[in-house]
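>>> the following comprises the amino acid sequence and a computationally predicted model.
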Amino acid sequence: MKTLEELKKLRDESIKNLDMGSKEDEVRIVVGMATCGISAGAKPVYDTLIKEIEAKNLSNVRIVQTGCIGMCTYEPIVEVYAPNKEKITYTHVDAEKAKYILDELVEQEVVNKAEKTSLMDSEFYKKQKRVALRNCGFINPENIYEYIATDGYMALGKALSMTSDEVITLMKNSGLRGRGGAGFPTGMKWSFAAPNKADQKYIICNADEGDPGAFMDRSVLEGDPHAVLEAMAIAGYAIGATKGFIYVRAEYPVAVHRLEIAIKQARELGLLGKNIFNSGFDFDIETRLGAGAFVCGEETALMQSIEGKRGMSRVKPPFPANKGLWGKPSVINNVETLANIPQIVHNGPEWFKSFGTEKSAGTKVFALGGKITNTGLVEVPMGTTLREVIYDIGGGCPNGKEFKAVQTGGPSGGCLTKDHLDTPIEYETLMAVGSMMGSGGMIVMDEDNCMVDIARFFLEFTVDESCGKCTPCRVGTKRMLSILEKITSGNGTMEDLDELESLAQSVKDSSLCGLGQTAPNPVLSTLRYFKNEYIAHVVDKKCPAKHCKALLTYEINKDKCTGCTLCARKCPVHCIDGTVKNPHVINQELCIKCGNCFSVCRFGAVEKN
Amino acid sequence: MQNEFVQSKQKEFAELKEYIDTVKNSQGILMQTLQKAQDIFGYLPLEVQQFISDETNIPLADIYGVVTFYTQFTIEEKGKHRVGVCLGTACYVKGSQDVMDKLADELNIKVGQTTEDKMFTLEATRCLGCCGLAPVMTVDDDVYGTIDPKRVPEIIAKYKNQEV
């Protein structure tokens, strides 16, 4: 393929051939087959559908595997797009239910044996705006023609007809900021690398999505890999790079597989390789696998890792735009940032700026998880409030529990309280209240979660993942962790809290890279907003959430105990006394607080205090 | 004089050499080579690291440094089945630590250890990205979602029974 005209022709043909929902008599059935869909059992559903349409001889039905549909709680999901009809979403589908879906289709009536939902009309979708995720859950990520049918690679064609300066200006005008966490303006980053003279420059895609609880980059790679490839080529053209690397976590085998397929297909059509669109521009992409090191999400560490070394960060400057991979000028962009780019080029910067706020343009994808009803992947315009995301889209905490905190930004972010729920989501506003945008993990916690323990949990993570190069991070985080462990085990003092706070501040101020500089955030934000919980641990020796084992006592409620003896039999240290049909008693001196009695009691007689 | 390990794994070493020959002339091949080697051998004992050093001219010290830096590389042999519990935040707040404790109890080993019969290795994994299914545990490539610790014995038994 050498001209934009050819691409347009191919797009129109693809729309015709692939039934993207436009033809009169064809039905498109998509099965959500991202990692979470597959884990929930989408493969047998897909196989059954394929087998059944053959058996039923339904030549007008196309079964398509697609990426993440976004409603993780309802996986496996099957969606039916029939002409002139509303999309039907089937949830919790298994092989048996898959057959009913086809029955309903054939008989043109609702048999209602398969579970259906009309989530389309619900708040879950209404408040969302899909830009980075626009194709996820609709196209087949393993078929380049489906991407082309949705205007894929048109932006690359357009960019190559502009000068590289024009492309950079366009990116600057769009106001796009890095979606990996810090929010650096993308166009600005490109403009730093562009004027540097070098025999080789690099575009690197940071797909080392290490934040626990964040999975938007995985979803983009699994659902729309070509968007990332196209964006990298555009970036390459803008800064004068001919080579791209995608550094992706080895924990994401499906994403790696689909990327490899996408790269191969793009090469075959001449959309990657030599002389793309007859413009004289060459660009090719390779994938590189990580090996389980969180710090490799930091750009200088990531480049070390691609070079085959220990992934340790280094002092900046020099910035990667001047001296990056193998000492050459390099631009590193995150997956979600890249996924926005083709559409910004295609639709223009004004279109992009029409979403979001003045300082934070566009949309942001969040991975909603933890104690929330609708776990899933959501994309909202910047400026949406936390309340809208957690309650209107996420449906609040399940089981009638009370919302306690929301954690954004992973191990680098902070915990916010219900007082912050009306904060609009923007880079600056989140920073001002002590958290950060981060890559987009949003974990909701309810009354059963102990905030001191959450701070401890994140510290344990950063201690484990610190690369060890600079002392504040290597030693400081470890010291913070030991103080937190002292507090959760009931041995903390008020002086410990002061020491913890000053230590956290020092680590924040003096660490070498983003990992150490942000590692104290979970501690500082919980100390700021949940000080009373710390004090309860230290002074009253109680854990208000009844989570920290050392601070709990198990007692048997005499009125509820039926004397069934089950707890006594299950107690590993034989510290429960009592005879049949008489209330039992726990010997507190011997109790190791394992909680066995609590979980086996059928009458709710064992109480945590 | 070659040691026992090298002698018993001639075929594997040949396969690794074949791979190294295809990438030898590119830049930054160490990570890929180690990943390939771990695929072939299951782990990276010193003999394998020495072999890679000889074939690529990368100093053994550098190779050892990289192997010990990344959690995914292991210099010890793992059990036949790798049991993982996701300790990502979403899983943790939904109680994956209890699942981990139950597994440690059931297998009678600590996190990171392998059972005596070399059947199971228990690992804490980083976020697997299926937070919708939290808490999640994995056995090899099988993923088990929304796990109640009570289901642990049944799942482990399934893999034990496969052997019989």
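Right, received. Where do you want to start?

>>> contacting residues around the nearest residue to A:V220 once chain neighbours are set aside?
Closest residue to A:V220 apart from its sequence neighbours, by C-beta to C-beta, 6 or more residues apart in numbering or on different chains: A:A339 at 4.9 Å. Yep, even glycine has a C-beta here, placed from its N, CA and C like the rest. A:A339 makes contact with A:131-133, A:220, A:224, A:227-228, A:231 under the criterion C-beta atoms under 8 Å, 6 or more residues apart in numbering or on different chains.

>>> let's have those in a markdown table, adding neighbour count.
Listed next are those as a markdown table, based on neighbours: other C-beta atoms under 10 Å in any protein chain shown:
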| residue | neighbour count |
| --- | --- |
| A:V131 | 21 |
| A:A132 | 29 |
| A:L133 | 27 |
| A:V220 | 31 |
| A:D224 | 31 |
| A:A227 | 31 |
| A:V228 | 28 |
| A:A231 | 28 |
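
>>> among those residues, name the ones in helices.
Cross-referencing the contacts of A:A339 against helices under DSSP state H gives A:220, A:227-228, A:231.

>>> show me which of those residues is closest to A:V254.
Distances from A:V254 to those, taken as C-beta to C-beta, are shortest for A:V220 (12.3 Å).

>>> now for the closest one: which residues touch it?
Taking C-beta under 8 Å, 6+ apart, we find A:V220 in contact with A:132-133, A:136, A:227-228, A:335-336, A:339, A:365.

>>> return the helix or strand in chain B with minimum mean pLDDT.
The helix or strand of chain B with the poorest confidence is strand B:142-144; it has a mean of 86 (mean pLDDT, DSSP states H and E).

>>> which secondary structure elements does the helix or strand following that one sit against?
Helices and strands here follow DSSP states H and E; after strand B:142-144, the next one along the chain is helix B:152-163. Judged by 3 or more C-beta pairs under 8 Å, 6 or more residues apart in numbering or on different chains; DSSP states H and E, the packing partners of helix B:152-163 are helix B:96-107, strand B:137-139.

>>> closest one of the contacts of A:A339 to A:T357?
Nearest to A:T357 out of the contacts of A:A339 is A:V131 (C-beta to C-beta; 14.8 Å).

>>> list the buried residues in stretch A:134-150.
Within stretch A:134-150, the residues that qualify as buried by neighbour count (16 or more other C-beta atoms under 10 Å in any protein chain shown) are A:134-150.

>>> and the residue nearest to A:V220, its phi and psi?
Reported as degrees, to the nearest 10, the phi and psi values for A:A339 are phi -60, psi -20.

>>> cool, the one 5 residues further on as well?
Per-residue torsions, A:I344: phi -60, psi -40 (degrees, to the nearest 10).

>>> which residue does chain B have closest to chain A?
Here the residue of chain B nearest chain A is B:G132; by C-beta to the nearest C-beta that distance is 2.2 Å.

>>> buried residues in stretch B:136-152?
Residues of stretch B:136-152 classed as buried: B:136-139, B:143-145, B:147, B:149, B:152 (neighbour count, 16+ other C-beta under 10 Å).

>>> whoops, I mixed them up, stretch A:24-39
For stretch A:24-39, burial by neighbour count (16+ other C-beta under 10 Å) applies to A:26-39.

>>> chain B against chain A: which residues are in contact?
B:27-32, B:34-35, B:58, B:62, B:65-66, B:69-73, B:87-94, B:125-134, B:136, B:143, B:145, B:149 (C-beta under 8 Å from any C-beta of the partner chain).

>>> filter those down to the buried ones.
B:28-32, B:34-35, B:58, B:62, B:66, B:69-73, B:87-94, B:125-134, B:136, B:143, B:145, B:149.

>>> quick one: which of the residues you listed sit in helices?
Judged by DSSP H, those include B:30-32, B:34-35, B:62, B:66, B:69, B:89-93 as members of helices.

>>> longest helix of chain B?
Longest helix of chain B, by residue count under DSSP H: helix B:10-23.

>>> and that helix, what does it pack against?
Judged by 3+ C-beta pairs under 8 Å, 6+ apart, the packing partners of helix B:10-23 are helix B:30-41, helix B:46-56.

>>> quick one: mean pLDDT over it.
Helix B:10-23 shows a mean pLDDT of 95 in the predicted model.

>>> quick one: buried residues of it?
B:12-13, B:15-16, B:19-20.

>>> of those, closest to A:I69?
Using C-beta to C-beta, B:Y19 is the member of these that lies nearest A:I69, at 37.7 Å.

>>> which residues touch the closest one?
Residues near B:Y19 by C-beta under 8 Å, 6+ apart: B:33, B:36.

>>> before we move on, back to that, farthest pair within the buried residues of stretch B:136-152?
Maximum distance among these (C-beta to C-beta): 16.9 Å, for B:V143 and B:P149.

>>> output the set of residues of the stretch 101-250 of chain A in proximity to chain B.
So the stretch 101-250 of chain A meets chain B at A:209-215, A:218, A:250 (C-beta under 8 Å from any C-beta).

>>> need those residues in CSV (columns: distance to B:K110 and pLDDT).
Formatted as CSV, these follow (distance: C-beta to C-beta, whole Å; pLDDT from 0 to 100):
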residue, distance to B:K110, pLDDT
A:E209, 29, 91
A:G210, 24, 86
A:D211, 27, 86
A:P212, 21, 84
A:G213, 25, 84
A:A214, 28, 89
A:F215, 29, 90
A:R218, 30, 93
A:A250, 24, 87
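
>>> quick check: the farthest pair among these?
Every pair of these checked by C-beta to C-beta; the farthest is A:G213 and A:A250, at 18.6 Å.

>>> so those two - more neighbours on which side?
More crowded of A:G213 and A:A250, by other C-beta atoms under 10 Å in any protein chain shown: A:G213, with 29 against 15.

>>> tell me where the model's unsure across chain B.
Residues of chain B meeting the criterion pLDDT under 70: B:1-2, B:164.

>>> switch the cut-off to 90
Within chain B, the ranges that satisfy pLDDT under 90 run B:1-4, B:24-27, B:88-91, B:93-94, B:125-134, B:140-146, B:161-164.

>>> can you map out the helices along the stretch 451-600 of chain A?
All helices of the stretch 451-600 of chain A, identified by DSSP state H, counting those that start in this stretch, fall at A:451-465, A:471, A:477-488, A:494-510, A:514-518, A:521-529, A:531-535, A:566-570, A:596-600.

>>> scratch that, the stretch 201-350 of chain A is what I was asking about
A:216-223, A:225-239, A:253-268, A:299-306, A:335-347, A:349-353.

>>> show me what the last one is packed up against.
Based on contacts counted as 3+ C-beta pairs under 8 Å, 6+ apart, the elements that helix A:349-353 packs against are helix A:164-174, helix A:335-347.

>>> I'd like the next helix or strand past the helix or strand bottoming out on mean pLDDT in chain A.
Ranked by mean pLDDT, DSSP H and E, the weakest helix or strand in chain A is strand A:116-117, scoring a mean of 61. Using DSSP H and E, the helix or strand that follows strand A:116-117 towards the C-terminus is helix A:123-126.

>>> can you tell me the residue of chain A closest to chain B?
Counting by C-beta to the nearest C-beta, chain A gets nearest chain B through A:C72, at 2.2 Å.

>>> that residue is in contact with B:L133, isn't it?
Yes - the criterion here is C-beta atoms under 8 Å, and A:C72 meets it with B:L133 at 7.1 Å.

>>> joint contacts of these two?
What both A:C72 and B:L133 touch, as defined by C-beta under 8 Å, 6+ apart, is the set A:C36.

>>> can you show me the strands along the stretch 51-200 of chain A?
Assigned by DSSP state E, counting those that start in this stretch, the stretch 51-200 of chain A shows strands spanning A:61-66, A:78-81, A:88-90, A:116-117.

>>> figure out which of the ones you listed is closest to B:I40.
B:I40 sits nearest to strand A:61-66 of all these, at 30.4 Å, using C-beta to C-beta.

>>> show me the contact partners of the closest one.
Residues contacting strand A:61-66 (C-beta under 8 Å, 6+ apart): A:18-19, A:26-33, A:46, A:49-50, A:53, A:102, A:105, A:136-142, A:146, A:223.
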